[in-house]
Structure formats: C-alpha cells, structure tokens
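Trainee: next comes the sequence, and after it the predicted model I'd like to discuss.
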There are 2 protein chains.
Amino acid sequence: MKQLQDRIRREGRVLPGNIVKVDGFLNHRVDTALLGQIADEFARVFDTENITLVLTAEASGIALATVCAEKYGVPMIFAKKAKSDNIEGGLYQSEIFSYTYKKKVTLLVAQEWLKPEDKVLIIDDFMAKGYAVHGLIDIVEKAGAQLMGIGIAVEKGFQHGGDDLREKGYNIHSLAIIDKAEPGHIVFRGEEE
Amino acid sequence: MKQLQDRIRREGRVLPGNIVKVDGFLNHRVDTALLGQIADEFARVFDTENITLVLTAEASGIALATVCAEKYGVPMIFAKKAKSDNIEGGLYQSEIFSYTYKKKVTLLVAQEWLKPEDKVLIIDDFMAKGYAVHGLIDIVEKAGAQLMGIGIAVEKGFQHGGDDLREKGYNIHSLAIIDKAEPGHIVFRGEEE
C-alpha cells in the first residue's frame, strides 16, 4: 500500500537493533485518517462482508482494529494481556513471548464473546516474529471459530513471522513488508534494492 | 446519555466489590457503532472543532478515543503504561495507581508528539477513582498544553473520582454516572432511587 510505505519512509525512524519506529502515525500518536485508508485496503483483500468480528491484541492493535470493525459493521474484540482482577473465569488463553516487553505474557479472550459460529478477521498494526498473531490464531482455534484472514499494517519481513504463516497456508496480507531497515535506508518487499 | 445507560442496565453486570462489568460492549468486546454515538455526544458538549488531539491511556480507552479522534479529524495519542524497549528518552511521565491492576504504573507520552500549542481533549471509557485521568492531566500540564475538556463514557460516581475533578473546576463530562451498583440494581445520577 503506497500511502503507508511513503509514510514509513518519510516519518519512520530506524533505531539500533532493527527497531523501526512508526510511533508518530501508527502506534503512539495515531493518524486516524490513515487507519481508515488501511481499513479500506483490507476490505479489498478480505471478505469483510462475511466476517462477524475483528480480533486484535492490546494495546497498539486496538486503534486500527477499531477503525476496521467500525467500517465493516462488526464488533471488535481485543485480547487482554496477563490477568487483571476484572476478568473472571471462562477464558481462552494463549501464552506468547512479547517481543516488545521481552517476557512471556498471556493473551486472554472471554469465552462468552468468541463463539464457534464466529468468522474472525485478525488485525494488528505491526508484526515482527509473529508471536502475538500466533497467540490470536491459537485462541480462534480453541474457540472453534473460523479464521477468515490476518491483516497486518507493517510487517518486518526480515524477522520472518509473516513468511512462517504464509508457508503454513494462512490467508495473511501485510500492507508494507520491510525487508531491510538501516538508518536512512528502508527497502520494502517487491522493490529493487 | 440514554442509549449508554440502557446498555449498561441491560447488559452490564455487577460483581462483588462494586465492579461493574461492561465488557460485552465497551472494554473487551467493543460495539463500535455505540462508540460512534458516544463520540457524537461528546461533540455536543465539548468544543471539538478547536481541539488538536485526543489523549487517552492504554489499553481500554484506545478504542473510544480512536473513534472520537476520527470523527473530530485530529490525531489520537495513547499514553503507554510502564516502560517498553521501544520508547527511548524524551518522555512526559506521570506515576499513577492502577485500580485495575492494583499496583503503580507510569503513564508515558513522547514529548515529540505533545506540544505547548496543543489543545487536548482527554477521553476515557471508564472512571472510578480517576487515577488515570489525573495522570493524563498531569502530562498535559507538564507539556504546557491546553486542556479543553475531559470526556468519560462510564463514571462510577460512588468512587468520587469525577466529583473530585468537578470540584477542582475541570471541564469534565461523563455520559453515564453510576451512583449505586448492586446485583440487578443500578442507579444513575439524576434518577430517583
């Protein structure tokens, strides 16, 4: 998606450790108009007329998933991380390694809100190793629901989380796959170097 | 706001410890159409044409703040909790007590994205003691920005966080103030018991 790639190239910053910061428009200060364009792009790729809900993981996926769910006319569920006192029993759980926090966290979705008859589109703003998405897939499978697709805004291709899912046959679509990230030099998949 | 109060009465559940669960439509499974109605209601109360950004705290405030920011045509910033490796220096910080997690957490906003010339509308889905909102106000003041108002969807009136802010003169508006919550019996402010 050209608008997104342009924004990453113009406003993204590459930090040591291959960290690509897009916190000026995607995951701290959020450009809601851009999120709307991303949601429209996913609607061209996925069968959004036949989904029953959008699923994401807290925290930074919530903004994009909300805009998508609003456009497609379905509810949005965000998997909570760890256990807070406000969630009682009846939970689908999946333990994942958080690349952001460098520790294990548990994704939780109340069984009450995710049913076998649901048709789920997983949405996330960012994918590196794909741990969070694997956890969300695990939860969809535990619920016996149908996974309709996985939409990612920015994928760090050089960390291979997306390729792993594509090899396994999942219907995953990323709008900007970064294959190389060095200060001042970002290469997207499909581009000449 | 009648639609919101009706939903709370119909679908909310009161748990021991005065916990009011609205996780079927507001803060786990999110009804994005309802969020749109809430955003419209805030636009009737606040001068949303003259704000430059919407500020909230992760995680559950993000969905509502996103829909509000999208409607008002401004960016949304969510304060992050604790410190992740993806945030480097240059942060406004405010330490708060999290009622949900029963421990202290630090709210963080990058100084780069919140400027003295900003006119800020704080939005949150839920207020009990008001710790998170106090932290957000603290951050707005540290940035030297102008606080235009505080919009809350559901306030637990019996925990007095909102009354405290009203007494201090803040321009706060809550769309459903719960003054009494017992299983099967919810009283909103302004209603006869």
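Mentor: Structure's in. What do you need?
Trainee: so what pairs up with the most centrally placed residue in chain A in the strands?
Mentor: Of all residues in chain A, the one closest to the mean position by CA atoms, centre = their mean is A:D124, 1.4 Å from it. With beta bridges defined as DSSP bridges, A:D124 has these partners: A:I152.
Trainee: give me the pLDDT for it.
Mentor: As summarised for this prediction, A:D124 has a pLDDT of 98.
Trainee: confirm for me that it is in contact with A:L64.
Mentor: Yes - taking contact to mean CB atoms under 8 Å, the distance of 7.5 Å between A:D124 and A:L64 places them in contact. Backbone N, C-alpha and C define where each C-beta goes, glycine included.
Trainee: which neighbours do those two share?
Mentor: When contacts are counted by CB atoms under 8 Å, 6 or more residues apart in numbering or on different chains, A:D124 and A:L64 are jointly contacted by A:56, A:153.
Trainee: thought A:S174 was touching A:G162?
Mentor: Yes - shown here, A:S174 and A:G162 form a contact pair, counting by CB under 8 Å, at 5.6 Å.
Trainee: residues contacting stretch A:34-52, please?
Mentor: Applying CB under 8 Å, 6+ apart, the external contacts of stretch A:34-52 come out as A:1, A:3-4, A:7, A:25-26, A:63-64, A:67-68, A:70-72, A:74, A:117-121, A:123, A:148-149, A:151, A:153, A:171, A:173, A:175, B:66, B:70.
Trainee: and A:S98, what is it in contact with?
Mentor: With contacts defined as CB under 8 Å, 6+ apart, A:S98 is in contact with A:81, A:104-105, A:131-132.
Trainee: partners of it in the sheet?
Mentor: With DSSP bridges applied, A:S98 shows beta-bridge pairing to A:K103.
Trainee: need the nearest residue in space to A:K21, chain neighbours excluded.
Mentor: Take A:K21 and drop its neighbours on the chain: the residue closest to it by CB to CB, 6 or more residues apart in numbering or on different chains is A:R13, 4.6 Å away.
Trainee: can you report how many residues lie near the one you found?
Mentor: Burial of A:R13, expressed as a neighbour count using other CB atoms under 10 Å in any protein chain shown, amounts to 16.
Trainee: in terms of pLDDT, where does it sit?
Mentor: The pLDDT attached to A:R13 in the predicted structure is 90.
Trainee: give me the neighbour count for A:H134.
Mentor: If you count neighbours by other CB under 10 Å, A:H134 ends up with 17.
Trainee: would you mind measuring from it to chain B?
Mentor: In this structure, A:H134 and chain B are separated by 20 Å, where distance is defined by CB to the nearest CB, to the nearest Å.
Trainee: doesn't A:F97 make contact with that residue?
Mentor: No - with contacts defined as CB under 8 Å, A:H134 does not count as touching A:F97, sitting 9.5 Å away.
Trainee: what about stretch A:133-152, how long is it end to end?
Mentor: 9 Å (CA to CA, to the nearest Å).
Trainee: enumerate the positions of that stretch that are buried.
Mentor: Within stretch A:133-152, the residues that qualify as buried are A:133-140, A:143, A:145, A:147-152, counting by 16 or more other CB atoms under 10 Å in any protein chain shown.
Trainee: which pair of these spans the longest distance?
Mentor: Considering CB to CB, no two members of the buried residues of stretch A:133-152 lie farther apart than A:A143 and A:I152, which are separated by 21.0 Å.
Trainee: picking that back up, restrict the contacts of A:S98 to those near chain B?
Mentor: On the criterion CB under 8 Å from any CB of the partner chain, A:K81 are the entries of the contacts of A:S98 that sit beside chain B.
Trainee: so where do the strands sit in chain A?
Mentor: If DSSP state E is used as the criterion, the strands of chain A fall at A:13-15, A:19-21, A:29-30, A:53-57, A:76-81, A:91-98, A:103-110, A:119-127, A:146-156, A:172-182, A:185-188.
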